[in-house]
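In: got a sequence here, can you build the structure:
(chains A and B)
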Amino acid sequence: MLILAAFKETSEVIKSTVTDELILKIGEGDMEAFHTLYEAASPAVYGFALSIIKNTHDAQDILQDTFLAVHENAFGYVPSGKPMAWILTIAKNFSLEKLRKYKKEPIAQEFVIENEQAIDSLKNVEEKEAVRAMLELLDDEEKRIVMLHAAAGFKNREIAELLDMKLSTVLSKYHRAIKKLQANKKGED
Amino acid sequence: MKNIEKNLCSAAENLIKFGTYEEITSKIDSQKTERKMIMSYNEVKKTKKKGLKYIGLAVAACLLLVVGAFGGNYYSQNFAVDSVVNVDVNPSIELTANKSDKVLEVNAINVEAKKVVKNLDLKGIDLDTAVSAIIGSCLQNGYLKEGAENEILISVKNDDKAHAKALEKNINAQIATKLNNKKAKATVINQQIVEDDKALELAQKNNISLGRASFILSLVEKDSSLKPEELAKLSIHELAEIISQNKIDISDFAEYEYDENLLENVEEIIEEKNEDIVENTAKPQQTQKPEKPQKSEKTESEEIVASAPESEVNVSSEAKPSKNISPQDAVNIALKHAGVKKKDAVVAKTELDYDDGINKFEIEFKANNYEYNYEIDAVSGAVLDYDKEYDDDVVVEKPVQKPETKPQKNSVTKAKAEEIAIAHAKNLGASDNVKLVEIEKDDGKYEIELKDGLVEYSYEISAKTGEIIEYETEIDD
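Out: Residues are numbered from 1 along each chain as shown, chains lettered A, B, ... in the order given. Next up, the predicted model:
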C-alpha cells in the first residue's frame, strides 16, 4: 500500500480521497472514513506541522491533536469544496499556538535530541537530506510553502489562501526555496 | 513534482510514529467515556427530589472517584471552566472554556443565538476559533452584514487578567481574519465581564448574555437618561449608535478603536503587513484625491502593521459618524499646516482615535527628509498637536504614479484579463498551447495561473486598469 502510494502524485491521491463527503461521513461516526482520511492526509498534516514547529516531537502531537479535532468537528463541518484547507487550517492553528509558547520558553533539549534522532533514523538517505535541508536552509515561510507543495500537493494559490499571503509572494518565495534546496543538493552530490 | 518534494513527502510519511492512528482512536474512545460520565454527573447534580438527592450524591461521589482515577489533573485541566466568553451582536452566546482555552460548552441565550449555533459543533476546539466560527455563522445568517456598520461585543471573564487579555487579542485577531476573508467589517468592543447581581438579573430577565447586561448597566451609569430594560432590547449596533449620539465615554470599562483610514479593505492592510514584516521595507503610498469615498488608493497603516500582533486588532466600519470631517480633509489640513505639498508627501498613517473624550485624527507623513506627526480634531479640523522630526531612516522613494483611471468600476472582464495574461506569457516564450489553469478575482485583482508544458505562469492583473501588477514564472519538473 505504502509503496504504491509513493508512485501516485500526492495531489491526486489527496484530491480524490479527501472530499467534503468523507468529512461528513466522519461526522456521522464512520470510523472507516476516518481511517481513510488519516491514510491520505496524515503526511500532509505532519509535514505541514513540522514546517512550522520545526521539531518532530511537537509535530507528532499536532498531528494527533489535528485528527482528534477533525473527528470532533466533522459533525459541524460546512461543505466548502476545500476540505484539505479546513484540515490544514486546524493544523496551522495548533502549530501556531505551540509556536507562541516557544516565544516565552525555549524548546526542551529532549525535543531537540528526539528531532535529531528521528530524522537520523530515516532509512532513505535522500529523504533524510531533504528534511535536513528544509529545516536548515529555508526561512519560516519558505518551509511552509515547500511542505504544502510537497506533502499536500497544494497549488500556489491554495497556499496563498491558507497562509494568508499574496500569490506573488508565495511564488517568489517558493522559487527561491527550491533554488536553495536544489543548489544544496548539487553541492552534496 | 520535483524530486526533492517527493523526498520531503515520503520523509514526512516515514517520520510519523508507528501506532499513531491507534493512539488517536483510543483517545477518541476514552473521550467518549469521559463525556458520558461527566454528563451523568451533571444530571445527577440537578436532581431535586430529596430522596434521590442523597442517592444522587452517593452516585456522584462514586463517579467523581472514577473520574479521579483517570487523573484528577486530567479533569481540572480538561473539564473545569477557566474562561467565559460572551459574544453579542444581536445573538447572545456564552462560551465556557477550560484552562487550555478549549471550548467546554456553548450556551445560546436568545432565539437569534440558537439559529447561529444550530449547525456548529464547537466543543473541544480553541476558543478563538470557535468565536470565529460563530462570527461566520452570524454573517451567513445575516446578523452581520457585508458593506454595513457592524458592532460586536466580546466580553471575557477569567480570573487571570493576563490570560483574559491574551484571549481578547486572539479572539480579535480571529475575528479580523474571518471578516476580512468575507469582506465585511465590524467594530469589536472588548470588555471584561464583571459578575454582579444587577447584571445577572438584567441578563436573565431579558435573555441576554451577562456581558451584554454588564455593558448596558455601565452605559446607564454614564448616562442616566438611559433605561436598562429598553437598552436590553437593542442590538450592539444600536447600542453603539446611542453611545456615539449621546457621546458616552466608555473607555474606562471597554476598549475599541474607531479606526478609519483611507484603505477600504482590511485584506490589503494585512497583506501589506505580511509583506512588510517579511521584507522589512516601508512601502510608500499616495493619499487619495477625495473624489468618492470608496475604492481609494492604498495607504499604508504602519500603526496596524506594527501593532497588529500585540494590541487589539479592531477592524473599523466604513461609514463616518456624521459630525466628523473626512480623513482626506484632515490630511490636507495637516499638509497645509506643515507647508508641504501633497505630491512631496508620503502619508504613512491616518487613524481616527477616540482619546480623552474627543475624536481626533492621528496623521503621520514623511516629506523632504522629515517625518511629521499631526493630531487633528475630527470635528472642528483644528490642529491639536504637531511634531516634526528629521527622518534619518531609509530614503523614501516617491510612489510610482498609477494611471488614474475611473477607480470605481472594475472595467476589466475575466476574459480580458485572461487575454492579457496569455499575450504576456507568449511574449515570454509560451507556445500556442498555453492553457489557463485557474483564474480568480480577489480584491480588485485577477489572479491567473497559466501552464505551458512544464512552465507555470502566474499573474496578478488589476481589475480596474488591466495592467499587470506582478508576474512570475516557474518550471515545474
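In: each with direction, which strands does the helix or strand encompassing residue B:447 pair with?
Out: Element membership of residue B:447, judged by DSSP states H and E, is strand B:445-452. Strand B:445-452 sits in its sheet next to strand B:435-442 (antiparallel), strand B:455-462 (antiparallel), going by DSSP bridges.
In: list the contacts for residue 80?
Out: Looking at chain A here, since you left the chain open. Shown in contact with residue A:80 (CB atoms under 8 Å, 6 or more residues apart in numbering or on different chains): A:20, A:86. Quick note: C-beta positions are derived from backbone N, CA and C, even for glycine.
In: you answered for a different chain; I wanted chain B.
Out: Residues in contact with residue B:80 (CB under 8 Å, 6+ apart) are B:98-99.
In: show the pLDDT at it.
Out: Residue B:80 carries a pLDDT score of 82 in this model.
In: what do you get for the one 5 residues further on?
Out: The predicted local distance difference test score for residue B:85 is 93.
In: how many other residues sit next to it?
Out: Burial of residue B:85 is recorded as 28 neighbouring residues (other CB atoms under 10 Å in any protein chain shown).
In: was I right to think it contacts residue B:154?
Out: Yes: because the distance of 6.8 Å satisfies CB atoms under 8 Å, residue B:85 is recorded as touching residue B:154.
In: against residue B:88, how distant is residue B:119?
Out: Distance from residue B:119 to residue B:88, counting by CB to CB, to the nearest Å: 20 Å.
In: least confident secondary structure element in chain A?
Out: helix A:2-7 (a mean of 48; mean pLDDT, DSSP states H and E).
In: what are the phi and psi angles of residue B:386?
Out: phi -150, psi 160 (degrees, to the nearest 10).
In: residue contacts, it?
Out: B:334, B:337-338, B:372-375.
In: which of those fall in helices?
Out: Among the contacts of residue B:386, the members falling in helices (DSSP state H) are B:334, B:337-338.
In: out of these, who's nearest chain A?
Out: Of all the ones in helices among the contacts of residue B:386, residue B:334 has the smallest distance to chain A: 30.5 Å, by CB to the nearest CB.
In: hmm, that closest one is touching residue B:367, no?
Out: No: with contact defined as CB under 8 Å, residue B:334 does not count as touching residue B:367 (10.7 Å).
In: which residues of the stretch 101-250 of chain B fall in strands?
Out: For the stretch 101-250 of chain B, the strands defined by DSSP state E, counting those that start in this stretch occupy B:103-108, B:151-157, B:187-192.
In: buried among the contacts of residue B:386? Need that as a selection in PyMOL.
Out: Here is the PyMOL command that picks out the buried ones among the contacts of residue B:386, judged by 16 or more other CB atoms under 10 Å in any protein chain shown:
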select buried, chain B and resi 334+338+372+373+374+375
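In: check the contacts of residue B:386 and tell me the two furthest apart.
Out: Within these, B:338 and B:375 form the most distant pair, 12.9 Å apart (CB to CB).
In: what strand or helix carries the residue most central in space within chain A?
Out: Residue closest to the mean C-alpha point of chain A, counted by CA atoms, centre = their mean, is residue A:48 at 2.1 Å. According to DSSP H and E, residue A:48 maps onto helix A:31-53.
In: can you show me the CA trace of that helix as CSV?
Out: Output of helix A:31-53 as CSV, limited to C-alpha atoms (Å, rounded to 0.1, in the frame of the first residue of the first chain):
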residue,chain,number,x,y,z
MET,A,31,-14.6,5.3,11.6
GLU,A,32,-13.6,3.7,8.3
ALA,A,33,-13.9,7.1,6.7
PHE,A,34,-11.8,8.5,9.4
HIS,A,35,-9.2,5.9,8.8
THR,A,36,-9.2,6.6,5.1
LEU,A,37,-8.7,10.3,5.8
TYR,A,38,-5.9,9.5,8.1
GLU,A,39,-4.1,7.4,5.5
ALA,A,40,-4.5,10.1,2.9
ALA,A,41,-3.9,13.2,4.9
SER,A,42,-1.5,12.4,7.7
PRO,A,43,1.7,13.0,5.8
ALA,A,44,0.4,16.4,4.8
VAL,A,45,-0.7,17.3,8.3
TYR,A,46,2.6,16.1,9.8
GLY,A,47,4.8,17.7,7.2
PHE,A,48,3.0,21.0,7.4
ALA,A,49,3.1,21.0,11.2
LEU,A,50,6.8,20.1,11.1
SER,A,51,7.4,23.0,8.8
ILE,A,52,6.0,25.4,11.3
ILE,A,53,7.1,23.9,14.6
